[in-house]
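**Q** Give me a 3D structure for the following:
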Amino acid sequence: MKNIIIFFLVLFSIDSTAQPKVPSHELWNTLLKKNVSSIGKVNYKGFVTDSVKLNTYLKLLSGYRPNEKTWTASEQKTFWINAYNAFTVKLIVDNYPVKSINEVVTKMKITTKTSPWDIKFIKIGNISYSLNNIEHEKLRKAFGDARFHFVLVCAAKSCPILLNEAYTADKLEMQLEKQTKLFLNDNVKNNISSNALKISKIFEWYADDFKSNKSSLIDFINKYVAVKINPKASISYLEYSWDLNQ
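**A** Residues are numbered from 1 along each chain as shown. Model (predicted):
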């Protein structure tokens, strides 16, 4: 009997300290609320000061590997979106000051022709990823949601803004809708009228993501703007600013 009691005490102790199924994004949420304004201006100096906390959060993410069988789709999406944005911030923080994310390759003394999005500096589980790996494989290819383009932030002024709260599985659908609508109605990043669209190059770079056999790019945009766009409206693309979003 004594041995049985000891066995269950040990088992309870192990279970009570077991790693949660999915990571908490609360630390990232705290950092965002402190260092990102309501309009998406990022205080990178603040993130530099808080780099220990940022690295603690990134280390937490690195200890997980999203499981397609045991994690919900929302939990997987949330993990990869937060990871993309937090590791993008780290890329800037580790090389700050820079005027653009495009300067980090030089700062890191990478001699090969590599873009910042192709640097495999992200460790999740035992696998190394680049930002492109996360965006194109873990999100776009896996889930096929065009709204990802408005929540993944590339640290540039023409990018969608960095939301000053973490993405969470229970609020993800609302957050995706909110950020998509916000981006499309930003008159600096998109100029939309009934008969003419002057829009972000995101819509040119990822044109196929915004259309299908049954709908067009204009159909997609019409869901998020107040003006009714003519199906035959002209489309042109605005210059993209890579200046840092600070």
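**Q** Where does pLDDT dip in this structure?
**A** 1-18 (pLDDT under 70).
**Q** Could you check the longest helix along the chain and say which residues are buried?
**A** Secondary structure of the chain read by DSSP state H shows that its longest helix is helix 73-93. Neighbour-count burial for helix 73-93 flags 74-93 (criterion: 16 or more other C-beta atoms under 10 Å). (Glycine included, C-beta is placed from N, CA and C.)
**Q** which helices and strands sit right next to it?
**A** Using 3 or more C-beta pairs under 8 Å, 6 or more residues apart in numbering; DSSP states H and E as the contact test, the elements touching helix 73-93 are helix 44-49, helix 51-62, strand 122-124, helix 131-132, helix 142-143, helix 172-184.
**Q** could I have it exported to CSV, CA atoms only?
**A** Presented in CSV, the C-alpha positions along helix 73-93 are these (Å, rounded to 0.1, in the frame of the first residue of the first chain):
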residue,chain,number,x,y,z
ALA,A,73,-6.1,25.0,-36.4
SER,A,74,-6.5,28.2,-34.5
GLU,A,75,-3.8,27.2,-32.0
GLN,A,76,-1.4,26.4,-34.8
LYS,A,77,-2.1,29.6,-36.7
THR,A,78,-1.8,31.7,-33.5
PHE,A,79,1.6,30.1,-32.7
TRP,A,80,3.1,30.7,-36.1
ILE,A,81,1.7,34.3,-36.5
ASN,A,82,3.1,35.3,-33.1
ALA,A,83,6.4,33.5,-33.8
TYR,A,84,6.8,35.3,-37.1
ASN,A,85,6.1,38.8,-35.7
ALA,A,86,8.2,38.2,-32.5
PHE,A,87,11.2,36.8,-34.4
THR,A,88,11.0,39.7,-36.9
VAL,A,89,11.2,42.1,-33.9
LYS,A,90,14.2,40.2,-32.6
LEU,A,91,15.9,40.5,-36.0
ILE,A,92,15.6,44.3,-35.7
VAL,A,93,16.5,44.4,-32.0
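**Q** any idea of the angle that helix forms with helix 51-62?
**A** 140 degrees (axes from the mean of the first three to the mean of the last three C-alpha atoms, to 10 degrees).
**Q** Next, the angle helix 172-184 makes with helix 73-93.
**A** Using the same axes, to 10 degrees: helix 73-93 against helix 172-184 is 50 degrees.
**Q** C-terminal to helix 73-93, what's the next element?
**A** Using DSSP states H and E, the helix or strand that follows helix 73-93 towards the C-terminus is helix 104-107.
**Q** Buried residues, that next one. List them.
**A** Within helix 104-107, the residues scored as buried using 16+ other C-beta under 10 Å are 104, 105.
**Q** returning to what we had before: mind checking the helices and strands packed on helix 73-93 for the one nearest to residue 204?
**A** Closest approach to residue 204 among those (C-beta to C-beta): helix 172-184, 14.8 Å.
**Q** Which positions in the closest one come out as buried?
**A** In helix 172-184, counting by 16+ other C-beta under 10 Å, buried: 172, 175, 176, 179, 180, 182, 183, 184.
**Q** ok, now stretch 42-62?
**A** Those would be 42, 44, 47, 50, 51, 54, 57, 58, 61, 62, for stretch 42-62 by 16+ other C-beta under 10 Å.
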